[in-house]
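Novice: sequence and predicted structure below; questions after.
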Amino acid sequence: MKLHEYQAKRIMRRYGVRTPRGEVASASDEAGEIAARLGCPVAVKAQVHVGGRGKAGGIAVAATPDEADLAASRILGMDIKGLTVTRVLVEEAVKAAREYYAGITIDRARRSIVVMASREGGVDIEEVAARAPEKIARVWVSPRAGFQPWEARSLALAAGFERRAVGAAGAFIASLFRLFVQEDAALAEVNPLMLSEDGQVIAADAKITIDDNALMRHPEYRALSEEDSDDELEREAHRRGLTYVKLDGDVGVIGNGAGLVMATLDAISAEDGRAANFLDIGGGARADVVRNALELILMDNRVKAILINVFGGITRCDEVASGLLAAAGSVGVRVPMVVRLAGTREEDGRALLRKTQVATAEGMADAARQAVALASGGVK
Amino acid sequence: MGIFVGDETRLVVQAITGREGRFHAGRMREYGTRVVAGVTPGRGGADVDGVPVFDQVAEAVRKTGANASCVFVPAAAAADAAAEALAAGIEIVVCITEGIPTLDVMNLLDDANARGWKGRVIGPNCPGLVTCGKALVGIMPGRIFTPGPVGLVSRSGTLTYEVVNLLTARGIGQSTCVGVGGDPIIGTNFVRCLAEFESDPDTRAVVLIGEIGGRDEEDAAAFIRDSMTKPVIAFVSGRTAPPGKRMGHAGAIVSGSMGTAESKVEAFHEAGVPVADSIAEITDLVAQALGWR
């Protein structure tokens, strides 16, 4: 789960990582009041879960509280890559002498945490990694071993940080590592990590992603995720306990197993269609889960046809079919539906569906072809 | 032969007294797996459908000669349960549990390394594995498999069943099918499985089912190019997934330029590995690799 910058900075401060002073606002007059409290100049920054907000006009510097109010009224409600800005962070504008990079993430291949630092801050770090990998200093650390300030200083030196920044940067990165482990992060990144003119090291921007699997031991983030999901359908899916991702097409998809659902999306695309979503009902799904999923898909007005793709392993296809029919009967399906059942008792399952209006399909490609045709108004 | 499990497997089921553990222990026995023990702390002395239950894995090993384990313990305690099995000398620990915190898995593998535990972890968040006609460890549906010359390794569960079902329908049997798991950090990766298949006399060709996220597929491609003589057929799921969205599996996410399907498909092509464009095409490519037409 991704945190917003203002949330990430709040957590960083708890670990002794220095950030600019700031507060979050959801109305422009509020932004003006915060600016007056903090003292100007301030930066007004859109809080959305996408990169490139600066280029999109989502960041402004204000010299007076009135300017902050004005900037906030422009940024709030703005659309950045399909997401509406509902909050801005207003914080003191800090003058940078240098901009560095510090980041901590999981190295899957090495099964380890990797701590990274670079002199090239403030730019896209992936671009640096591709163009000049030697400009990113890296060290691999196990969570139990910990990462001490002296180790972080040697990383900062290896990255070529200015000598006067090394002491503070070492403490900064060691604190960030402590945060990473204790909060079960998957990413903790500061870009730019700012060296101010008076020699302080400050997190000018902040990105934290929390490991979803670890939310069970961090209930405070669960609350945040409900309040902050960017999309209404995704919020609803979350409330219903469904694994759902909104996509931009018109074919609603329900399947069991992440790999199978992904392959289903690919099959739809191969038929020149576009899936409206990813929805995995998991293994051994019962009738109530199927119904729950179907209801959610039907809330999506963009959906013009539904494709249900289930492989019955332990689950029996005839059970899935009767579950589906029961669900469809009670929910009221307003769009055509194609059901593809394979595996255990698939014949029985298909036989049950043949008595109804529901279209059945033999293979995945066939199912995708039918669903795409139905979504575009064609006949099957 | 087959890999990792077979005739010699003597299985202990961890959390056998739970709903999932008990159900799947029964399924595994139906398949012919020798389930010799169960473990649930505090329930030692009980039995579940005739299988003796012990308080700890070490005792199960001492009294029953168990050498493999299947973990159904809930996420909060699963990594700890797997560590207990490794410490008891279990050789293959198959962790079915989904949703274990990434750092817990990292600590588990780190401890195993530091303490010199010899056993191998498969998973977590995996469907397990089956050496056809010999032993099934995990939650895969036994009836879809049929013994034969094709090894299969995959990051996904139902997608594996789908492919196995098609292979079986085509008359192409399998040696061992391994689900390595959908999490970012897993105990056994593609490369390890490919190396085992390469030296397994019962395997003549391998199907690799990858997906977006990470670089396990890229590493596998390099390994195939440098170290394998047997043919490998690849499939990559999630080609149309948008970046930054976790597609169900914790490990299936494209971040920036990392983990894209294009990069994986390209790596396989460069290694001379045929990549199936659709599920249906996999069986054709396998038949070709086996010289069946």
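Specialist: That came in fine, so what should we check first?

Novice: up against chain B, what does the stretch 251-380 of chain A have?
Specialist: A:255-263, A:265-270, A:275, A:278, A:280, A:283, A:311-314, A:342-344, A:363-365 (CB under 8 Å from any CB of the partner chain). Backbone N, C-alpha and C define where each C-beta goes, glycine included.

Novice: filter those residues down to just the ones in helices.
Specialist: A:258-263, A:265-270, A:364-365 (DSSP state H).

Novice: let me have those residues in a markdown table, adding pLDDT, neighbour count and distance to residue A:45 as columns.
Specialist: Formatted as a markdown table, those follow (pLDDT from 0 to 100; neighbours: other CB atoms under 10 Å in any protein chain shown; distance: CB to CB, whole Å):
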| residue | pLDDT | neighbour count | distance to residue A:45 |
| --- | --- | --- | --- |
| A:258 | 92 | 29 | 34 |
| A:259 | 92 | 31 | 38 |
| A:260 | 94 | 25 | 40 |
| A:261 | 95 | 29 | 36 |
| A:262 | 95 | 29 | 34 |
| A:263 | 95 | 30 | 39 |
| A:265 | 96 | 30 | 34 |
| A:266 | 95 | 23 | 37 |
| A:267 | 96 | 28 | 41 |
| A:268 | 97 | 28 | 38 |
| A:269 | 96 | 18 | 36 |
| A:270 | 95 | 17 | 41 |
| A:364 | 91 | 26 | 45 |
| A:365 | 92 | 18 | 47 |
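
Novice: now the two most distant members of the residues you listed.
Specialist: Largest separation among those by CB to CB: A:258 and A:365, giving 19.6 Å.

Novice: for residue B:102, see how far away the closest residue to chain B within chain A is.
Specialist: Chain B sits closest to residue A:259 of chain A, with a gap of 2.3 Å, by CB to the nearest CB. To residue B:102, residue A:259 is 19 Å away according to CB to CB, to the nearest Å.

Novice: what do you get for residue A:13?
Specialist: 25 Å.

Novice: more neighbours, those two?
Specialist: Just comparing residue A:13 and residue B:102: by other CB atoms under 10 Å in any protein chain shown the higher neighbour count belongs to residue B:102, 24 against 14.

Novice: show me the beta-bridge partners of residue A:337.
Specialist: residue A:306 (DSSP bridges).

Novice: who's in contact with it?
Specialist: By CB atoms under 8 Å, 6 or more residues apart in numbering or on different chains, the contact set of residue A:337 is A:305-308, A:328, A:358-359.

Novice: so who does the most centrally placed residue in chain B touch?
Specialist: Nearest to the mean C-alpha position of chain B, counting by CA atoms, centre = their mean, stands residue B:179 at 2.9 Å. Residue B:179 is in contact with B:123, B:126-129, B:138, B:140, B:154-157, B:160, counting by CB under 8 Å, 6+ apart.

Novice: show me where the stretch 151-293 of chain B has helices.
Specialist: B:158-169, B:190-198, B:216-227, B:261-270, B:279-289 (DSSP state H, counting those that start in this stretch).

Novice: who's in contact with the last one?
Specialist: What that stands for is helix B:279-289. Taking contacts as CB under 8 Å, 6+ apart, the residues outside helix B:279-289 that touch it are A:263, A:267, A:363-365, B:150, B:159, B:162-163, B:166-167, B:170, B:172, B:205, B:207, B:231, B:233, B:235, B:274, B:276, B:293.

Novice: most tightly packed of the helices of the stretch 151-293 of chain B?
Specialist: Neighbour counts (mean count of other CB atoms under 10 Å in any protein chain shown) averaged over each of the helices of the stretch 151-293 of chain B peak at helix B:158-169, with a mean of 24.
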